[in-house]
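Novice: my questions are about this predicted structure, shown below with the sequence.
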Amino acid sequence: MNSPFSTPKLVLPGEDPHEFAALIREYVDRYQPLGAVEYYLVETLIQCDWIRRRLFRDETEILSAIPRPGNRNVMQLCDAYGSKDVQRAFDKIVRRQFSLERSYFRALRELQREQKERRASEQDADTEPAQPPQTQAATATAAAAEHTQTRSAKAAAGHPLAFGFQNATRRPPLTTSPADRPVTVIDLGKGHAPEGLVFVG
């Protein structure tokens with residue numbers, strides 16, 4: 001099975017690898033993880049579940065190993081629980097089970113939080129409308145016009161870094177032909193040129 005969870009290290013001799021593969025498929029189908037964080041949290045759930053099942057089997061094997069001949073089943077069971085070796089084994093199993101349960105539900109809460117945030121982010125991205133090219137061009141044109149108006153306003157207010165020509169005097173266009181324009185006549189009969197007139201030979 002091609003899966004980031006299908007590692008043989010979790011399957012001990014005597015355990016069923018097909019059962020472990022089925023457990024992986026069950027969790028992956030249930031939570032549909034995406035990204036490294038979600039995969040890690042789902043992997044933690046799988047590990048806790050698998051090891052906890054192993055501990056239950058160990059507990060069952062310990063109880064099954066206690067001899068119960070005749071009508072002394074209850075007494076021998078009590079003696080077995082009172083044995084130091086049996087008591088020590090059960091204490092380890094119980095502590096390990098509690099630790100696995102805490103890790104399991106902590107990972108489950110984190111996984112639910114991560115997936116809730118991811119789905120909210122995906123929903124926001126889907127609902128945000130995309131501007132068509134015409135709208136984008138109109139927006140750019142409006143921004144350029146607003147920028148020009150801002151520069152002109154700064155120039156009118158005497159802004160030191162703004163340039164505006166709205167107050168400059170425009171020369172009227174020429175509406176007459178060169179033949180209709182007035183001709184200036186300079187009279188040189190008196191023998192001297194008017195002041196400021198220079199002759200170039």
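Specialist: Sure, I can see it. Numbers count the residues shown, from 1 in each chain.
Novice: elements contacting the helix or strand that R113 is a member of?
Specialist: Here R113 sits within helix 84-127, counting by DSSP states H and E. Where contact means 3 or more Cβ pairs under 8 Å, 6 or more residues apart in numbering; DSSP states H and E, helix 84-127 is packed against helix 35-64, helix 73-82. Yep, even glycine has a C-beta here, placed from its N, CA and C like the rest.
Novice: most neighbours per residue, which of those helices?
Specialist: Among the helices and strands packed on helix 84-127, judged by mean count of other Cβ atoms under 10 Å, the one packed with the most neighbours on average is helix 35-64 (a mean of 16).
Novice: report the helix or strand with the lowest average pLDDT across this protein.
Specialist: Within the chain, no helix or strand scores below helix 73-82, which has a mean of 57 by mean pLDDT, DSSP states H and E.
Novice: which residues of this protein score low on pLDDT?
Specialist: Scanning the chain with the threshold set as pLDDT under 70 gives 1-8, 66-83, 128-140, 142-145, 147-201.
Novice: give me that answer again for 80
Specialist: Flagging of the chain using pLDDT under 80 yields the residue ranges 1-9, 62-87, 89-90, 126-201.
Novice: quick one: S121 from Q115, how far?
Specialist: Between S121 and Q115 the distance, using Cβ to Cβ, to the nearest Å, works out to 11 Å.
Novice: and if you look at K84?
Specialist: Remark: distance between K84 and Q115 (Cβ to Cβ) = 47 Å.
Novice: comparing those two, which residue is more hemmed in?
Specialist: Just comparing K84 and Q115: by other Cβ atoms under 10 Å the higher neighbour count belongs to Q115, 18 against 7.
Novice: mind listing what the more buried one touches?
Specialist: With contacts defined as Cβ atoms under 8 Å, 6 or more residues apart in numbering, Q115 is in contact with 31, 38.
Novice: any idea how far A22 is from it?
Specialist: Q115 sits 23 Å away from A22, going by Cβ to Cβ.
Novice: returning to what we had before: in TSV, list the helices and strands packed on helix 84-127 along with distance to L12.
Specialist: Compiled in TSV, the helices and strands packed on helix 84-127 are given as follows (distance: least, Cβ to Cβ, whole Å):
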stretch	distance to L12
helix 35-64	7
helix 73-82	25
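Novice: out of these, which comes closest to E110?
Specialist: Distances from E110 to each of those were compared by Cβ to Cβ, and the smallest falls on helix 35-64, at 5.5 Å.
Novice: which helices and strands sit right next to that closest one?
Specialist: Applying 3+ Cβ pairs under 8 Å, 6+ apart, one finds that helix 35-64 contacts helix 17-31, helix 84-127.
Novice: would TSV of the ones you listed with distance to E59 be doable?
Specialist: Formatted as TSV, the entries for these read as follows, by distance: least, Cβ to Cβ, whole Å:
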stretch	distance to E59
helix 17-31	18
helix 84-127	5
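Novice: of all the ones you listed, which one is nearest C48?
Specialist: Evaluated over those, closeness to C48 peaks at helix 84-127, with 4.0 Å, by Cβ to Cβ.
Novice: tell me the angle of that closest one relative to helix 35-64?
Specialist: Using axes from the mean of the first three to the mean of the last three Cα atoms, to 10 degrees, the inter-axis angle of helix 84-127 relative to helix 35-64 is 160 degrees.
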